[in-house]
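J.: I need the structure of the sequence given here:
(2 chains)
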Amino acid sequence: MNNDNIQLMQGNRACAEAALAAGMRFFAGYPITPSSEIADFLSSALPAVGGNFIQMEDEIASMGAIIGASLTGIKTMTATSGPGFTLMQELIGFAALCEIPCVIVNVQRGGPSTGLPTSPAQADVMQCKWGSHGDYPMVVLSPSSVRETFDLTIHAFNIAEELRTPVILLSDEIVGHLYERIRIPDISNLSLIDRKRPTKPPPGRYEIYHTSEPDGIPCIPDIGTGFHCHITGLIHGKDGFPTRDPDKVRDLLKRLHGKIDSRKRRICLMEKREMEDARIVLCSFGATARSCFQVVREGRLEGLKIGGINLKTLWPFPDFVFQELPKSVETVVVCEMNQGQVAGLVRQATGNRLKVVGINKCSGTIITPGEIRSAIDRPI
Amino acid sequence: MNDANTQIPQGRFEIVVSGSGGQGIILGGKLLAETAAVYQGCQAAMVPCYGPEVRGGVSTAEIIIDSDPIDYPRITRPNILIAMSQEAMDRYAPMLGPDGLIIVNTTLVEDIPEPFEHVFKAPFTEMAVKMMKTPVVANMIALGALATLSRLIAPEALKLTLEKHVPSKVLDIDCMAVDQGVKIACKAYFGWQVS
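T.: Presented below is the predicted three-dimensional model:
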């Protein structure tokens, strides 16, 4: 047996390895538990492949640095946890508005505030979407295993590049620190996407934010390649300069949302198990999805009609999944280490057609299969 | 790397390696899980659990070794506990079933709970200091003993994993420590094995 590609790898390391495989060549960050292993590894691995690693003075500066570097045409990333992620919010909004591709890794720990540095939580789901002010779309991916961390990091860079948008990889302390057996995929076979860019300045004016479709993606030149680029956090027209023209304001904001929403089914990844004839569906994401799948596996052996969904994409929220559930489904049980952030979204998606129940835990410890099982064994 | 003395375990095995920060607990857990994953053809997962301290505080590695894919990666009812400190013993022994195996570092553990039938006792830290002139390889003696008693991993495979992770100047002492663990476990072998 060829054991060459089989390793025991940590989730955080898999994220860093995947970022390198995706072509990420600039990382700026401020190490914070439980994400530090990402920065630690990249501090030596990035220079070794000709990339740049900068340990910044804080997370605000880290976010600024990856935005700036990205505008020069490089794939960029930062990694943090709750307290640092909070500091990054302003510039995440800037990246969304100015359509600057970048990947932000948030390995969630217990909060609020400094919270529980070495304990898991999944309470940043809403912050990922609504953390910065104003209406902006966000793509948020949530891995539940080491292999998924690898795959979703690649997916994150591909979406960021194709749609010119910041993408958040929302891991958690358990998945980030978990070591698992993983067969590293052949890097040369990965399908990677690079942003479209104009090659040389045309003779006339070049509108950097021009798109021909209302949900199109602009072909923004790399800064330093001879184009005149104006990038601003003010609402801008196609030329990149500030505007208050109501039509232009509306068109920009509609396009920002449209470019994500119109590609929702492609962005939204999930794993479903044992869904045919299921009466109860356990829905979760991240580390907690592992507990759910354990309950599904054991429950099926006992003849329970139970299925499971692991949401690998949390934003845009895959509401269509819940509208297309098999007819047999009566109850959706949403398990999450927070007060019910995803459960609310599932309720919204199902309307009043299904019973939606939350199993929530905010104690800095994972929801165990035993806890889920005893909750569903009680009459729901 | 599956020699005659090692069997690929069927089903799920949960192992807890626990002690104080600084005892190489997480490294020990990593080596165990990696050996199982890379050389024994098993599914393996390891979850490190520790507080914010660098030294002291309880440090624990939870290891799952399974012949099937692992869904829940945390321990629920451990089969084996390596207790390197009293606090580790007090915290994790109650989670073991009565048929569990406890491997005890008697240098730092005085009280061993009553009901357990399969207990392997050795002063790992004292042995490490006496033979290898450093307490830090106590974890490797314990892993050598675990390999021998449980047959979940082969000691020689464990050494191959060690080669990848420890600097060459200390590899010899680490391998000696593993051999020492194998030796004392063989000597004291009392018939417990993975069933």
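
J.: CA only for contacts and neighbour counts going forward, please
T.: OK.

J.: The most centrally placed residue in chain B: what's it in contact with?
T.: Centroid check for chain B by CA atoms, centre = their mean gives B:Leu143 as the closest residue, at 4.2 Å. By CA atoms under 8 Å, 6 or more residues apart in numbering or on different chains, B:Leu143 lies in contact with B:28, B:32, B:178, B:181.

J.: Where does it sit, in terms of helix or strand?
T.: B:Leu143 is located in helix B:138-150, with elements delineated by DSSP states H and E.

J.: Pull out the buried positions in the helix or strand just after that helix.
T.: Sequence-wise, the next helix or strand downstream of helix B:138-150 (DSSP H and E) is helix B:155-165. Using 16 or more other CA atoms under 10 Å in any protein chain shown as the test for burial, helix B:155-165 gives B:155-159, B:161-163.

J.: Give me the contacts around helix B:155-165.
T.: Contacts for helix B:155-165 (CA under 8 Å, 6+ apart): B:1, B:31-32, B:34-35, B:39, B:144, B:147-148, B:171, B:174-175, B:178-179, B:182.

J.: what about the helices in the stretch 101-250 of chain A?
T.: A:125-130, A:146-163, A:173-177, A:246-261 (DSSP state H, counting those that start in this stretch).

J.: Of those, which stretch is the most buried?
T.: Here the criterion is mean neighbour count by mean count of other CA atoms under 10 Å in any protein chain shown, and of the helices of the stretch 101-250 of chain A the winner is helix A:173-177, at a mean of 29.

J.: helices or strands up against that one?
T.: In this structure, helix A:173-177 makes packing contacts with helix A:11-22, strand A:102-108, helix A:286-301, strand B:43-50, judged by 3 or more CA pairs under 8 Å, 6 or more residues apart in numbering or on different chains; DSSP states H and E.

J.: so how far is it off the chain centroid?
T.: On the basis of CA atoms, centre = their mean, to the nearest Å, helix A:173-177 sits 15 Å off its chain's mean C-alpha point.

J.: Just the C-alphas of it, formatted as CSV.
T.: Taking C-alpha atoms only, helix A:173-177 is exported to CSV below (Å, rounded to 0.1, in the frame of the first residue of the first chain):
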residue,chain,number,x,y,z
GLU,A,173,-11.5,25.0,18.2
ILE,A,174,-12.3,21.3,17.9
VAL,A,175,-11.9,21.0,14.1
GLY,A,176,-8.9,23.4,14.2
HIS,A,177,-7.0,21.4,16.8
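
J.: Who is the closest residue to chain A within chain B paired with across the strands?
T.: Residue nearest to chain A within chain B (CA to the nearest CA): B:Ala45, separated by 4.4 Å. Under the criterion DSSP bridges, B:Ala45 forms beta bridges with A:Glu180, B:Ile64.

J.: what residue ranges in the chain score low on pLDDT?
T.: In the absence of a named chain, this looks at chain A. Within chain A, the stretches with pLDDT under 70 are A:1-4, A:380.

J.: that answer is for a different chain, and I need it for chain B
T.: Scanning chain B for pLDDT under 70 picks out B:1-9, B:52-56, B:190-195.

J.: Dump the contacts of B:Leu143 to TSV, plus secondary structure and neighbour count.
T.: Shown next, in TSV, are these (DSSP: H, G, I helix; E, B strand; the rest coil; neighbours: other CA atoms under 10 Å in any protein chain shown):
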residue	secondary structure	neighbour count
B:Gly28	helix	22
B:Leu32	helix	29
B:Val178	helix	26
B:Gly181	helix	28
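
J.: Just the closest of these to B:Val58, please.
T.: B:Gly28 (14.5 Å; CA to CA).

J.: Output the set of residues of the stretch 1-150 of chain A in proximity to chain B.
T.: Of all the residues in the stretch 1-150 of chain A, those in contact range of chain B (CA under 8 Å from any CA of the partner chain) are A:3, A:6-8, A:117-118.

J.: Now list the buried members of those residues.
T.: A:6-8, A:117-118.

J.: Out of these, which is nearest to chain B?
T.: Nearest member of those to chain B, counting by CA to the nearest CA, is A:Leu8, at 5.2 Å.

J.: dump the residue contacts of that closest one.
T.: A:179-182, B:30, B:33-34, B:37-38, B:44-45.

J.: surely A:Arg164 meets A:Pro101?
T.: Yes: using CA atoms under 8 Å, A:Arg164 is in contact with A:Pro101, at 4.6 Å.

J.: Pull the residues that contact stretch A:265-285.
T.: Contacts of stretch A:265-285 (CA under 8 Å, 6+ apart): A:139, A:142-144, A:159, A:289, A:292-293, A:296, A:305-318, A:326-336.

J.: rerun that using 7 Å as the cut-off
T.: The contact list for stretch A:265-285 (CA atoms under 7 Å, 6 or more residues apart in numbering or on different chains) reads A:142, A:144, A:292, A:305-313, A:318, A:326, A:328-336.

J.: related to what we said a few turns ago, of all the residues of the stretch 1-150 of chain A next to chain B, which two lie farthest apart?
T.: Across those, no pair lies farther apart than A:Asn3 and A:Pro117, at 35.3 Å, counting by CA to CA.

J.: Identify the spatial nearest neighbour of A:Ser70, chain neighbours not counted.
T.: A:Thr76 (5.8 Å; CA to CA, 6 or more residues apart in numbering or on different chains).

J.: What parts of chain B come near chain A?
T.: Counting by CA under 7 Å from any CA of the partner chain, chain B comes close to chain A at B:34, B:37-38, B:43-48, B:51-52, B:71-72.

J.: Who wins on neighbours among those?
T.: B:Ala45 (33 neighbours; other CA atoms under 10 Å in any protein chain shown).

J.: Who are the contact partners of that one?
T.: So B:Ala45 contacts A:179-181, B:33, B:63-65, B:73 (CA under 7 Å, 6+ apart).

J.: any idea how far it lies from A:Cys229?
T.: From B:Ala45 over to A:Cys229 the distance is 49 Å, taken as CA to CA, to the nearest Å.
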